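J.: A predicted structure for the sequence below; I have some questions about it.
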Amino acid sequence: MTARLPTHFMIIYALLLFVDGAAPLAHSDVDEPDLIGRAIDGDTEAFGELYMRHLNAVYRYIYFRVNDVQDAEDLTEQVFLKVWEALPGYKQMGKPLRSWIYRIAHNSVMDFYRRKQQSEKITAEVLAWENESVNVLDEIIEVEEAHLLARAINELPDEQQELVILRFIEGLNHEQVADILQKSNGACRTIQYRALATLNRLLSDQRIAAL
């Protein structure tokens, strides 16, 4: 039976990242599958290494989704506690660990908004996909200030916002994003197309307002 990880384990690791003047913790050269196996056997040190490898990306993803530091910190801790508790069943799923953790983070954010009684807007229509959409975002990033882009991303509908974060900020591929969002590749491509079109419009509006 897998040992239960104390809650303070997560808090200590998180604090180590933000202690003033503390040196960053180096990752070991141990392969991730080996760390996963040891963590499943109850090795908290191995899980700590996995935690450190994925913490920043998970926190960043959650922060973009909830736009609040305290909520993002709380949800990130909850996500890794869920990861620890669910690890024994992970290998049977056949998914990359990163995608699996993002799926848990996605569900945690959805639960967070349900608790706040905020409705989620879901659209899954399949439209024609434009292959140049990735280049569109690259051009936007090149010509716009980072804070303007961040503001525009925050104005996207929830589903579009999440896809942009996963696809372009976290760098996941279409298959990984589709798995996390539990949608078909076609639906995700449609959401991405709409998100990029909306970003283009929002940034154009911001440019006009700045004149």
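T.: Okay, I see it. It should be emphasised that the depicted structure is a prediction, and the values quoted were computed from it without experimental measurement.
J.: Low-confidence bits of the protein, can you list those?
T.: Along the chain, segments meeting pLDDT under 70 span 1-30, 92-93, 116-147, 207-211.
J.: thinking Asn180 is in contact with His106, fair?
T.: Just so we're on the same page, residue 180 is Ile rather than Asn. Yes. Using CB atoms under 8 Å, Ile180 is in contact with His106, at 5.3 Å. Any C-beta I mention is one placed from the backbone N, CA and C, and that applies to glycine too.
J.: Of these two, which one has the most company?
T.: Remark: of Ile180 and His106, Ile180 carries more neighbours, 26 against 20, as counted by other CB atoms under 10 Å.
J.: Please, which helix or strand holds the more buried one?
T.: Taking DSSP states H and E as the criterion, the element that holds Ile180 is helix 174-181.
J.: if I look at Tyr113, how far off is Ser99?
T.: 21 Å (CB to CB, to the nearest Å).
J.: ok, those two, which is more surrounded?
T.: Taking neighbours as other CB under 10 Å, Tyr113 and Ser99 compare with Ser99 leading, 18 against 14.
J.: Does Arg194 touch Glu159 like I think?
T.: No. Contact criterion CB under 8 Å: Arg194 and Glu159 do not qualify, at 9.0 Å.
J.: quick one, helices of the chain?
T.: Secondary structure of the chain by DSSP state H: the helices cover 7-18, 32-40, 44-66, 69-86, 97-115, 133-143, 146-154, 158-164, 174-181, 185-210.
J.: Of the ones you listed, flag the one that's most buried.
T.: Neighbour counts averaged per stretch over these are highest for helix 158-164, at a mean of 22; criterion: mean count of other CB atoms under 10 Å.
J.: other SSEs contacting that helix?
T.: The contact analysis (3 or more CB pairs under 8 Å, 6 or more residues apart in numbering; DSSP states H and E) places helix 158-164 against helix 44-66, helix 97-115, helix 146-154, helix 174-181, helix 185-210.
J.: want to try JSON lines for the ones you listed, with distance to Asp31 as columns?
T.: Output for these, formatted as JSON lines (distance: least, CB to CB, whole Å):
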{"stretch": "helix 44-66", "distance to Asp31": "11"}
{"stretch": "helix 97-115", "distance to Asp31": "12"}
{"stretch": "helix 146-154", "distance to Asp31": "34"}
{"stretch": "helix 174-181", "distance to Asp31": "20"}
{"stretch": "helix 185-210", "distance to Asp31": "29"}
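J.: for those, which one sits closest to Lys91?
T.: Smallest distance to Lys91 across the helices and strands packed on helix 158-164 (CB to CB): 10.0 Å, for helix 97-115.
J.: Name the surrounding residues that touch that closest one.
T.: Contacts with helix 97-115, where a contact means CB atoms under 8 Å, 6 or more residues apart in numbering, come from 32, 36, 50, 54, 57-58, 61-62, 65-66, 71, 75-76, 78-79, 82-83, 86, 90, 93, 95, 120, 158, 162, 166, 170, 172, 176, 179-181.
J.: Now do that helix and helix 32-40, the angle between them.
T.: Here helix 97-115 points in a direction 50 degrees away from that of helix 32-40 (axes from the mean of the first three to the mean of the last three CA atoms, to 10 degrees).
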